[in-house]
Structures are given as structure tokens and as C-alpha cells.
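[1] what's the 3D shape of this:
(one chain, ligands or ions: 1)
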Amino acid sequence: MKIAVAGAGYVGLVTGVVFADLGNEVICVDIDPARVDAINKGQSPIYEPGLDELLTRNLEEGRLSATTDLAHAVRESEVIFICVGTPPSETGEPDLRYVDEAAATIGRALNGYKIIVNKSTVPVGTGDRVRRIIEQHRTEPHDFDVVSNPEFLREGSAVHDTLNPDRIVIGADNPRAAMKIVELYAPLERPMLITNLATAEVIKYASNTFLALKISFINAIADLCERTGADVVQVAKAMGYDQRIGHAFLQAGLGFGGSCFPKDVLAFARTVQRYNLDPTLFEQILVINDARPVQFINRIRERLGGLQGRTIGLLGLSFKPNTDDIREARSLEVIRLLLTEGAVVKAYDPVAMPRVQAIYPQVHYCRNAYEVAENADALALITEWNEFRQLNFERIKSLMREPNLFDGRNLYDPQRMRKMGFYYYGVGRAADNGGFGTLL
Ligand code: UGA
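    Numbers count the residues shown, from 1 in each chain. Prediction:
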């Protein structure tokens, strides 16, 4: 199939590369010429495991190319994916400017029947809006269909998720268009759901909001655990064995960041409000999440008796492991709070340091976790990168001014750390179980 992908960001680039790898002819389009050049040279503009290799292979085999010319890509293709950004506007509702611009260009370039598939995260009703814009801009009465095909990939495992999605949602008001997209995804052999446009659009926001709800829920439970001597990790584990609840997304800690959850939950609350429904449940997810870094810093301040002039070392800066993305990363808020209170901040992250350095040049960036620990009054784990799992904690302890460990992701075993002589704080794990409650 001949495919154009408008927007070569996370979703667009990975989608384009994977469709090319399945044997389709794909043209990736982006407004940024530097990004287009990089793609054409086989250099992925984003850090994503497995992407470079797929990109190079499909460029070499001539199934993939990139351009800034959307109109050209539209004329050459049967299916056009819209994967442009939908950043939050001042009201919290997504700014649909880039979707609108893409739709207008598609309308002007229409030279035969096309299927326009929206993959950008957009509020319910946007499919109809795209249809109207294309109708307004087409110069000849060529037929077209609009489909909603929300994306569920996660950063850090985007290629794997695109090849192995839990489900594929295809929202279309015309079965002919839906079947064409079914055909495109058929090689993946994954469950597919065909719905109308509005349903597919709601599925995307409802899914992200529910995952964010699970995280805020367990963080609210963590607060109760801290005050009562319960251990949230064991609570979550036991809850998760109930198949109706499940283990995923019940890790208490500093809360969620990234380019999706914070913005999508807010957008969903605004949509609900727009339809005169009560957004309180959804807004509360964000209230709980926003309080996490403040609470974490409170614990460090209490332990050290103040933060002025104290040295705090941070392990991990990206919003989650295996990505250099720092959008809405908890580290940024932690750094801001620490600097405001006069602390000296040291940090190490395997890939995200240059991005954080551009925002906070005053932080001391280190080459590894041990350098961060040197002369630190407290060490705080912010992002659970694998390389932090098996650190030499004897060495860490000997390097620190005071052996205070604050675990923002509940990565370490509290008993082991306490036995080694650390003061250990884990979120919702204030309990000292005295050997009981071990997870087997
Ligand atoms: C999320 C969804 O998981 C994807 O399905 C969706 O496609 C994507 O948003 C999107 O809409 O584009 P992503 O933002 O890449 O993916 O990251 P997640 O792995 O979901 O993690 C989000 C945040 O939640 C991270 O900051 C992570 O540290 C935090 N988290 C996750 C927790 O605090 N606790 C958990 O138990 C799980």
C-alpha cells in the first residue's frame, strides 16, 4: 500500500517505519527540514530502541523516504496518516492547529479517493472536523473517508508496541475505509476493534486517563500507608493478583510525567466539562500527581533539617527509563524545588542530561551514579533506569557525606538498604516490617 505519514515525531516516525517494514511504500512528512534530512540519512531524530536499525533497512530497500512536501506525499498515496502534535492550549484543551493545517493541505492535494487516518490524540469530534476542513479545501469533488486509529505505543518501547499492540482500534463511519485499514494491520495478527469515529476517539483518552487514574490511586494509597505503617508495594502486589485489577500501573512513587498523561487527562477533563458533565474525578488525578514531588522534597527536608546549602544527588532525569524525553519529567519539578530552597543539586542520567542542562545549567552533571554520590547529603532516585538497580551501595555509602537514600520509584529493598546502614525512604514504605511481609 502507498502511505503518507504527516508528522515524523514519536508516533509518526515509528508508525511510518513499521509500515515500511511490513512491505508498504511510505513517505514520512515533517515541517522541520533538519528532521527530514536526518531521517533520509538514516539517523533517527528520537532515541528509541530498535528504531535506527529498522529505519536504515527500509531506507536502503527503498520503501521509506522523508520530505517536507505534504501535498506531494498526499498525491502519491492511498492512505494518509495524520500524526502531528496536539500540544495543550492555555485552556488545557489540545491545540488542533497542526491537525487543521494538515487537513487543509490534504484537501487541496486530493487527486482521487483517499483514506485519511487520524492517529494524533484528539478530542471526540475531531474526525468530523477533519472531514469538514478537507471538504472546504478540495478543489475537485474527489471522494475520501476519515478514520480514527488511536495509537497506544509507549515511549522507550515504541517499536515493540507498534509491532505487538494489545489491540488495534479502527473508528470509521464507512466500512469500506475500515476494511482497508484492517488489511494494512492484518500482518500483525493482533485483535482489532472496528467502531464508529466518536467511539475510537473516546477510547484513546479513556485508556490514558484510566492508566493515570491507577497511578494516582496507588499514590493516594501510598500516603495512607506512610501514616499507618503499611507498605504500599505489598498492598499493590496483593491488589494486582485480583485479575479484575491487575498488576500494571500500580507502582507508587513520584507520579507520572511525559508528553501524554498530564496533557491527556487535562484535555479529557475539559472535554467532559464541555459536555456539561462533572470533571472532578479526572481533575483529581492531576491534583494528586502534582503533589508528588512536593511531598518527596518534604521528606528530604525533614530528614536533613533544611535544604539550604545541602547537596542532593539525583539518579535519573528522563520522565521514565529508556528515553531521553524530559517533557513533564518529575526531575524538573524536583530540581526546581531543590534550587528554590538553596540546595546544591548533582545529577546523572544515561541519556537525558543534555536536555535538562539546557533548562538548569546550574545543576552539577556527573558521569555516573558514584560521582553523584560523592559528598552528597542525600541521594534521590528519580527514574528507575536498569543501571541503577545493581549499584555498589557499599561504595555509594562510603562516598556520601551522609548515607540518606530517597527512593522515588521504590526500586530498592528497604530492609537491605537499612541493614547496610542507609537511612532509607521509599514512597509509601515507611514501615519497618522487621522481616515480615517479604515478597516472594
Ligand atoms: C502512555 C501510554 O502508556 C501509552 O499507551 C500511550 O500510547 C501514550 O501514553 C500516548 O498517549 O502517546 P508513555 O507516556 O510513553 O505512554 O509512558 P508510560 O510508560 O505510560 O509512563 C507514563 C508515566 O507514568 C511515567 O512517568 C512513569 O514513570 C509513570 N508510571 C507508570 C508510574 O508512576 N507508575 C506506574 O505504575 C506506571
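
[2] All the strands of the stretch 101-250 of the chain, residue numbers only.
    Along the stretch 101-250 of the chain, counting by DSSP state E, counting those that start in this stretch, strands occupy 114-118, 144-148, 168-172, 192-195.

[3] Reformat those strands as TSV; add mean neighbour count, distance to the ligand and mean pLDDT.
    In this view, the C-beta of every residue, glycine as well, is placed from N, C-alpha and C. Formatted as TSV, the strands of the stretch 101-250 of the chain follow (neighbours: other C-beta atoms under 10 Å; distance: least, C-beta to the nearest ligand atom, whole Å; pLDDT from 0 to 100):
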stretch	mean neighbour count	distance to the ligand	mean pLDDT
strand 114-118	26	14	98
strand 144-148	25	14	98
strand 168-172	23	11	98
strand 192-195	16	15	98
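
[4] Residue 219: which of the ones you listed is closest?
    Closest to residue 219 of those is strand 168-172 (C-beta to C-beta; 28.3 Å).

[5] okay, the closest one in CSV with CA atoms only?
    As requested, the backbone C-alpha atoms of strand 168-172 are provided in CSV (Å, rounded to 0.1, in the frame of the first residue of the first chain):
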residue,chain,number,x,y,z
ILE,A,168,-5.9,-2.1,17.2
VAL,A,169,-8.9,0.3,17.2
ILE,A,170,-10.3,1.4,13.9
GLY,A,171,-13.1,4.0,14.0
ALA,A,172,-14.8,4.7,10.7
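
[6] ok, residue 283 - how many residues close by?
    As a burial measure, residue 283 scores 18 neighbours (other C-beta atoms under 10 Å).

[7] rewinding a little: the strands of the stretch 101-250 of the chain into a markdown table, with extra columns for distance to residue 389?
    Putting those into a markdown table (distance: least, C-beta to C-beta, whole Å) gives the following:
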| stretch | distance to residue 389 |
| --- | --- |
| strand 114-118 | 39 |
| strand 144-148 | 39 |
| strand 168-172 | 34 |
| strand 192-195 | 37 |
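
[8] Please name whichever of the ones you listed is nearest to residue 402.
    Comparing the strands of the stretch 101-250 of the chain by C-beta to C-beta, strand 168-172 comes nearest, at 51.4 Å.

[9] Which elements pack onto that closest one?
    Counting by 3 or more C-beta pairs under 8 Å, 6 or more residues apart in numbering; DSSP states H and E, the packing neighbours recorded for strand 168-172 are strand 144-148, helix 175-185, strand 192-195, helix 197-228.

[10] Under a three-state scheme, what state does the nearest residue to residue 27 once chain neighbours are set aside occupy?
    Spatial nearest neighbour of residue 27, excluding adjacent residues (C-beta to C-beta, 6 or more residues apart in numbering): residue 73 at 4.1 Å. The three-state assignment at residue 73 reads helix, by DSSP: H, G, I helix; E, B strand; the rest coil.

[11] residues in contact with residue 207?
    The neighbours of residue 207, taking C-beta atoms under 8 Å, 6 or more residues apart in numbering as the test, are 150, 152.

[12] and it, what pLDDT?
    Residue 207 is assigned a predicted lDDT (pLDDT) of 98.

[13] repeat for residue 323
    At residue 323, pLDDT is 88.

[14] Where does residue 424 sit, in terms of helix or strand?
    Using DSSP states H and E, residue 424 maps to strand 423-426.

[15] Restrict that strand to CA atoms and write it as CSV.
    What follows is strand 423-426, C-alpha atoms only, in CSV (Å, rounded to 0.1, in the frame of the first residue of the first chain):
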residue,chain,number,x,y,z
TYR,A,423,18.6,5.9,56.2
TYR,A,424,16.1,4.7,53.5
TYR,A,425,12.8,6.4,52.4
GLY,A,426,10.6,4.7,49.9
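
[16] That strand pairs with which strands?
    Strand 423-426 pairs in its sheet with strand 404-407 (parallel), by DSSP bridges.

[17] So the partner strand, near the ligand or not?
    No. Strand 404-407 is not in contact with the ligand by C-beta under 6 Å from any ligand atom; minimum separation 13.0 Å.

[18] Can you report how many residues lie near the closest residue to residue 104 other than its chain neighbours?
    The spatially closest residue to residue 104, leaving aside those adjacent along the chain, is residue 137, at 4.8 Å (C-beta to C-beta, 6+ apart). By other C-beta under 10 Å, 15 other residues sit near residue 137.

[19] Residue ranges in the stretch 301-440 of the chain under the pLDDT threshold?
    Residues of the stretch 301-440 of the chain meeting the criterion pLDDT under 70: 431-440.

[20] so where do the helices sit in it?
    Secondary structure of the stretch 301-440 of the chain (DSSP state H, counting those that start in this stretch): helices located at 330-340, 353-359, 369-373, 393-399, 414-419.

[21] sorry, back to before: would you check that my belief about the residue nearest to residue 104 contacting residue 101 is correct?
    No. Using C-beta atoms under 8 Å, residue 137 is not in contact with residue 101, being 10.5 Å away.

[22] which residues does the residue in the stretch 301-440 of the chain that the ligand sits nearest to contact?
    Using C-beta to the nearest ligand atom, the closest approach of the stretch 301-440 of the chain to the ligand is made by residue 320 at 4.0 Å. For residue 320, the contact set (C-beta under 8 Å, 6+ apart) comprises 155-156, 257-258, 383-384.

[23] what sits against residue 273?
    By C-beta under 8 Å, 6+ apart, the residues touching residue 273 are residue 279.

[24] element containing it, please.
    Going by DSSP H and E, residue 273 is in helix 261-274.

[25] between that helix and helix 197-228, what angle do the directions make?
    Interaxial angle of helix 261-274 relative to helix 197-228 (axes from the mean of the first three to the mean of the last three C-alpha atoms, to 10 degrees): 120 degrees.

[26] Start the count at 640 instead of 1 going forward.
    Let's use 640 as the start, then, which means that last one is helix 900-913.

[27] Up against the ligand, what does the stretch 640-789 of the chain have?
    Within the stretch 640-789 of the chain, the residues that sit near the ligand (C-beta under 6 Å from any ligand atom) are residue 760.

[28] can you give me the helices in the stretch 640-789 of the chain?
    Using DSSP H, counting those that start in this stretch, helices in the stretch 640-789 of the chain cover 649-660, 672-679, 690-699, 709-715, 736-748, 765-776.
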